[in-house]
Structure formats: structure tokens, C-alpha cells
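Sequence and predicted structure below; questions after.
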Amino acid sequence: MTDPLHLLTFWQNEAVRTALWIGAVAALLNAVVGVFTVLRHHGFAGHALGDSSSAGGSLSIFLGIGSLWGFLGMAWIAALVMGWLGLGRAQSRDLSTGVVLGATLGVSALFLYFDVTVTQYSGATVDVMFGSLFAVAPKLLLPIFLTVFLAIALVLIFYRQLLLIAADPQLAQASGVPVRRLELLYLLLLGTAAALSALSIGVILATALLLGPAAAALRLARRPWQCFLYAFLIALGSVWLGIYLAFASYYYNQGTSWPVSFFVVVLLLLAYLTSLYWRPRPVRSS
Amino acid sequence: MPPVPPPSLPILQVAGVSVRIEAKAILTDIHFAVASGQVCALIGENGAGKTTLLRSILGVQSLQSGTIQILGQPATRQLHRLGYVPQKISFDPDLPLRTRDLVDLGIPRPFWRWRPPDPHAVAEAIHAVDGEGFANQRVGRLSGGQQQRAVIAHALARKPKLLLLDEPLANLDFASANHLVQLLGRLAKEQGISIVVTAHDMNPLLPILDQLVYLVGGRAATGSVAEVVRTEVLTKLYGYPVEVLQHHGRLLVLPENPRQGLEIPCYAHDHD
């Protein structure tokens, strides 16, 4: 046997290559946006936006249009509605998030019902809820790349302002930072990250990719930029290793492979647990 | 040292300011001006209008009437000359910012400038608050008093002309409060920064105060301590008789009728 770990077939498979690329950019955006999300305690909002995008995903299957635009479009609409309802105080934030979450999941349920009964596509529910990384069309690579590139560029441009808002919105406002407008921008970025994550590892598991790497990185990092780098490395490692394990599981399971999302989420959990036991170096006092 | 503006132009000018919130008069016809290097205290009970007045100076509270100018312009156009230290400061322990990172974020600049235009600005601001000891520690892990000094350094980093502090003494023990008062006095005298600070109790601030805005129910008596804290001035402001007592350099404002004292601030420190 010349290829005991099936690495050769792994690299030669086109669906795998597409999955690796999409996983990488989804990991990048989720890691970067996730750091702000964890710092600002917006985890519930991130989860809700991922769930909301499922309404768009199931709608696009019903209409037969590209699922990418369904996921993204619905996440953006939900982000704008949440921004409009207000994310200021923690209490009203949870309320407006919950209202949007409930409404979009209801719509999602309706479209999934149509998908299964009208268009006779019985795989719709599993695809939307648990992701379909191996089934993403290669022609979606370019629009996904451009979306992520634009999102990362926006984060870099407003990096200092976003960091100051995460530290304390009052300080940001006193420095002349347009807090409300950047709040909306951040929600749109969060929606984009959640939608890409939902598309790749599934709506239900999207939150793990958003919060897991960022939470682990924040425990390890000593400098602001380090947490973005660490979060990206953890997210990328989990997604790529998860894709490989899902691919390899095909050979150990008599021709059926376990879902990618399962492996990714387990690896993310392991990374986070490891970070909890990581003893940070004692901080020098001067 | 930044150039001192002409003495004719006050750093802060508050003229005829009235604020109503939901038909309730919060501030009525407030007048005062703060010159370069002066320390001004806004003194009053909870609900007297201190925070509203501070928010008005910051430009986040809309006015019913009157004007507020910083160096002759509205506050919103002078934010870069203004430092603000909020009352409630509590950073997340996981916030990946060291004190020097937080101070650096206080210097607004375009995104392509990774480092501040003045490479010494951060170190100078940290030095000004005596913060070298915790410059490399995460702000979320500092004590309350240290977090407050870190935020003051953050506000100083952009070299403001005017520093606003909301109840900076509220959560400090006596020694830290004294330390902070000395720090504020130094900033005013040595760097010529004008300072506006709100407080319940004027006594800890007396050594450095140039001016007092004494607020009662949204109305103010303004002037030097000797001009304002007098029986006849405060009796008029409160609308009922009060007595001013002086004891070892501390001032007590007492009602003539003790039953009304419940509504009058009457603070005294047990220490000294």
C-alpha cells in the first residue's frame, strides 16, 4: 500500500480542494470577526445571524438560485433589522436578537417544508442545518473570495475603532468614533461570517467556528494582533483537519463518510479545552 | 508644551444652557467659563444635573437653549482636543489590551498609520499618570484605581486642552483619591490642561479648585469656592436656610432646620 493515509487521493479530489479553500476563507473571516464578537459578548447575536441565514439558504434551494446569495442575503437583512432594533444594552440586545431569530427560523421552517414537499429535494434539511462543504460548486469560489477579501479589508481599515468600541463604547464615542455606524458595519460583517460558516459547516454548528477559535485565542494572546493570528490558526487547523478526517473516514466506514461538521466541531472543542489548561506566563510588572 | 491660546478665548464656555428631558427641566440657565489650566468642579447631589451637564459639554446631549463652545467651536468639532474619563470603567479581563495598547488607541489617526505620529506620545501619557508600573499589564486585570489612571492616560495621549472626568473620586479609597487629586492638579499647572470634574463632595478637591459650579435641582451658583460656598449664596440656591461651616479647612453645608438635612449633601471625612 503506497498511500496508507489516503493523502494522495485527498489532494487529487476536486471537491476536497474546493472544500479546503472555502473552509480556509470561512475560518479566516470567522476567526477575525469572532474576536470582536467574544469581546463584546455578542455570541447570541452571532448564533442568531447564522440561524437566520438558514432561511435564505432554504429559500434559495426552493427557488433554485445559488445558495451562497441566499445565506448571505438573509444574514445581511437580519443584521440590519437587529441593528435597527438596537443592540445597545445587553437586555434589549438579547430581546431584539431573540425576536429576529424566532422570525427567521419560522420562515426557514416554511421554506424547508416547501423544499422537501414541492421541489422533492429531501436532502435540503440536512444540507442547510449541517452544512454541505463537499457539495459547494467550484464556481462559488470567486464570489466567496471577493466577499471575504472585502470584509477583511473593512476590518483592517476600522481595526483601531472596532477595538476601542470593544474595549469601551463610551471611550470610543468621546474619541469621535462613529459608534452607531461602525456598530452596523460590524453586524454586517458578523452576518457575513455567520453565513459563510453556515454554508460550510451548517447552521446549527456555525456558532462553534465563530466563537471557539476566538475564545481560545483570547486566552493565549498577549498582544491585540496575536489573538487574531491565533484565532485564525486554530480555525484553519480545525477546519482543514476536519475535512481530512471526514474524507479519511470514508475508508474506515465501508464507503460512507462521517459529516465534516462533526470533526470540525470536535476539534474546535479540543482546541478550546486545551487553551483553558494553558498556563499563561505570569505578566511582568514592568 | 502645546501653545497656550490667547487668554481672551476660554477653553470652555457654557452660556445660558438649559436642558429639558421629557418636559422635565434638568438644567436651567447655566453659565460658566473655564480658562486654560483651570480646575473646575461640578458639585451636587444625585439628580442635580452634573452628568447631564457633562454630557452636554461632550456634545452627546441636545440643548433646549444656550451654547457650549470649546475654544470657540462646538464640542463635536473639537473632540480631538477633549479627553473624557467615564465614571464606570470596567474592562473585560480577557480584553487583549495592555495599558500601553489602550493609551495608543487614544490617538486618532488614519488606518494606514500603524504607529502614532509622535513616537513619545504613549510613553509621555503613561508617565503623566505614574503608570509605568502597569504599562505592560492587561487593563482588564488592573485594580479599579489603576484602570482609571490607564483611562486618564488614554485621554491624555491625544494631548487634549480640556479633560472631563465623571465622578472620578466615587470609587476610590482615601489615599487613591488624594493621589488622583494631586495628579489632576499637576496636569493643570504643569501642562496647562483645563479640567472639569464632577463630584458629590468638594472637600477632597479643595486644594486644586479654581472654580466651582454648585448645582441644586438644575440651577447653579458659579464662581470661586469663597464666592459660592457662603450662607447667603447657597440659601438662595436651595430656597431654604442653610449654614456653611468651616472646620480645619473643610467645608460643610448644613441646613438650619435639621429635618430638611436629609435632602442636603452633608459630607465629612472621618480621616485626616
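Sure thing, it's come through.

switch to C-alpha atoms for all contacts and neighbour counts from now on
OK.

how about the helices of the stretch 51-200 of chain A, start to end?
Ranges of helices within the stretch 51-200 of chain A are A:67-85, A:90-117, A:124-130, A:141-157, A:159-167, A:169-174, A:179-201, based on DSSP state H, counting those that start in this stretch.

oh sorry, the question was meant for the stretch 1-150 of chain B
Going by DSSP H, counting those that start in this stretch, the stretch 1-150 of chain B shows helices at B:50-58, B:99-105, B:121-128, B:144-156.

where does chain A come near chain B, residue by residue?
A:39, A:156-161, A:164, A:167-168, A:170-171, A:174-176, A:218-219, A:221-224, A:227, A:283-286 (CA under 8 Å from any CA of the partner chain).

show me the contacts for residue 11.
Using chain A here. A:R17 (CA atoms under 8 Å, 6 or more residues apart in numbering or on different chains).

Oops, wrong one, chain B.
Counting by CA under 8 Å, 6+ apart, B:I11 has contacts B:A33, B:V34, B:A35, B:S36, B:I70, B:L71, B:G72, B:K161, B:L162, B:S194.

Ok, B:P108 next?
A:S175, B:H80, B:R158.

Which members of the residues you listed are classed as buried?
A:S175, B:H80, B:R158 (16 or more other CA atoms under 10 Å in any protein chain shown).

Which of the residues you listed scores worst on pLDDT?
On pLDDT alone, B:H80 ranks lowest of the buried ones among the contacts of B:P108, at 82.

what about B:H248, how many neighbours?
Residues near B:H248, counting by other CA atoms under 10 Å in any protein chain shown, number 6.

likewise the one 4 residues further on?
If you count neighbours by other CA under 10 Å, B:L252 ends up with 19.

Is it part of a helix or strand, or is it coil?
Here B:L252 is recorded as strand under DSSP: H, G, I helix; E, B strand; the rest coil.

secondary structure element for the residue nearest to it when sequence neighbours are not counted?
Using CA to CA, 6 or more residues apart in numbering or on different chains and skipping the chain neighbours, the partner closest in space to B:L252 is B:L245 (5.0 Å). Assignment of secondary structure by DSSP states H and E places B:L245 within strand B:242-247.

Can you show me the strands along the stretch 1-150 of chain B?
Ranges of strands within the stretch 1-150 of chain B are B:12-21, B:24-34, B:39-43, B:65-70, B:73-74, B:82-85, based on DSSP state E, counting those that start in this stretch.

Write out the residues of chain B neighbouring chain A.
Checking chain B against chain A by CA under 8 Å from any CA, the hits are B:58, B:76, B:79-80, B:82-86, B:91-92, B:94-98, B:101-102, B:105-106, B:108, B:111-112, B:132-137.

Now list the buried members of those residues.
By 16+ other CA under 10 Å, the residues of chain B next to chain A give B:58, B:76, B:79-80, B:82-86, B:91-92, B:94-98, B:101-102, B:105-106, B:108, B:132, B:134-137 as buried.

Just the C-alpha atoms of the helix or strand bottoming out on mean pLDDT in chain A, please, in CSV.
Scoring the helices and strands of chain A by mean pLDDT, DSSP states H and E places helix A:124-130 at the bottom, with a mean of 72. Extracted in CSV, the C-alpha atoms of helix A:124-130 (Å, rounded to 0.1, in the frame of the first residue of the first chain):
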residue,chain,number,x,y,z
ALA,A,124,-32.4,20.2,1.8
THR,A,125,-32.8,20.0,5.6
VAL,A,126,-29.6,18.2,6.2
ASP,A,127,-27.7,20.4,3.8
VAL,A,128,-28.9,23.6,5.4
MET,A,129,-28.7,22.5,9.0
PHE,A,130,-25.4,20.6,9.0
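
What helices and strands are in contact with it?
Taking 3 or more CA pairs under 8 Å, 6 or more residues apart in numbering or on different chains; DSSP states H and E as contact, the helices and strands that helix A:124-130 lies on are helix A:43-63, helix A:90-117, helix A:179-201.

and the last one, what other elements does it pack with?
Yep, that's helix A:179-201 we're talking about. helix A:14-39, helix A:43-63, helix A:67-85, helix A:124-130, helix A:169-174, helix A:206-220, helix A:260-277.

Tell me which residue lies nearest the centroid of chain B.
Residue closest to the mean C-alpha point of chain B, counted by CA atoms, centre = their mean, is B:V197 at 1.8 Å.

contacting residues around it?
So B:V197 contacts B:V39, B:C40, B:A41, B:L42, B:L164, B:L165, B:D166, B:E167, B:P168 (CA under 8 Å, 6+ apart).

Any chance of the residues you listed in CSV with pLDDT and neighbour count as columns?
Shown next, in CSV, are the contacts of B:V197 (pLDDT from 0 to 100; neighbours: other CA atoms under 10 Å in any protein chain shown):
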residue, pLDDT, neighbour count
B:V39, 94, 25
B:C40, 94, 26
B:A41, 93, 27
B:L42, 93, 26
B:L164, 94, 24
B:L165, 94, 19
B:D166, 92, 20
B:E167, 91, 20
B:P168, 91, 21
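
List the buried residues of stretch B:182-194.
B:L184, B:G185, B:R186, B:L187, B:A188, B:Q191, B:G192, B:I193, B:S194.

Please export the C-alpha coordinates of it as PDB.
Below are the C-alpha coordinates for stretch B:182-194, written out as PDB (Å, rounded to 0.1, in the frame of the first residue of the first chain):
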ATOM      1  CA  GLN B 182      -2.600  65.700  43.100                       C
ATOM      2  CA  LEU B 183      -2.300  64.200  39.600                       C
ATOM      3  CA  LEU B 184      -5.100  66.400  38.300                       C
ATOM      4  CA  GLY B 185      -3.600  69.500  39.900                       C
ATOM      5  CA  ARG B 186      -0.200  68.600  38.300                       C
ATOM      6  CA  LEU B 187      -1.800  68.200  34.900                       C
ATOM      7  CA  ALA B 188      -3.500  71.600  35.200                       C
ATOM      8  CA  LYS B 189      -0.500  73.500  36.500                       C
ATOM      9  CA  GLU B 190       2.300  71.800  34.500                       C
ATOM     10  CA  GLN B 191       0.700  71.100  31.200                       C
ATOM     11  CA  GLY B 192      -1.900  73.800  31.200                       C
ATOM     12  CA  ILE B 193      -4.800  71.400  30.700                       C
ATOM     13  CA  SER B 194      -8.200  72.600  31.800                       C
END
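
which stretches of chain A aren't confidently modelled?
A:1-2, A:86-91, A:122, A:279-286 (pLDDT under 70).

Spatially central residue (nearest the centroid) of it, please.
Note: chain A centre (CA atoms, centre = their mean) maps to A:S197, 3.2 Å.

Would you enumerate the residues in contact with the closest residue to that residue other than its chain neighbours?
With CA to CA, 6+ apart as the criterion, A:S197 has its nearest non-adjacent residue at 5.1 Å, and that residue is A:A206. Listed by CA under 8 Å, 6+ apart, the contact set of A:A206 reads A:H47, A:G50, A:A194, A:S197, A:A198.

right, and the fourth one touches A:A24 too?
Put plainly, it is A:S197. No: A:S197 is beyond contact range of A:A24, at 10.6 Å (criterion: CA atoms under 8 Å).

per-domain residue ranges of chain B.
B:7-71+B:161-224, B:78-159 (automatic domain parsing).

can you list those in a markdown table and add distance to B:K236?
Shown next, in a markdown table, are the domains of chain B (distance: least, CA to CA, whole Å):
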| stretch | distance to B:K236 |
| --- | --- |
| domain B:7-71+B:161-224 | 9 |
| domain B:78-159 | 30 |
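
Out of those domains, which is closest to A:T117?
domain B:78-159 (48.1 Å; CA to CA).

gap between the two ends of that closest one?
Distance across domain B:78-159, first residue to last, is 12 Å (CA to CA, to the nearest Å).

same check, this time on stretch B:86-95
End-to-end distance (CA to CA), stretch B:86-95: 18 Å.

how far out from the middle of the chain is that stretch?
19 Å (CA atoms, centre = their mean, to the nearest Å).
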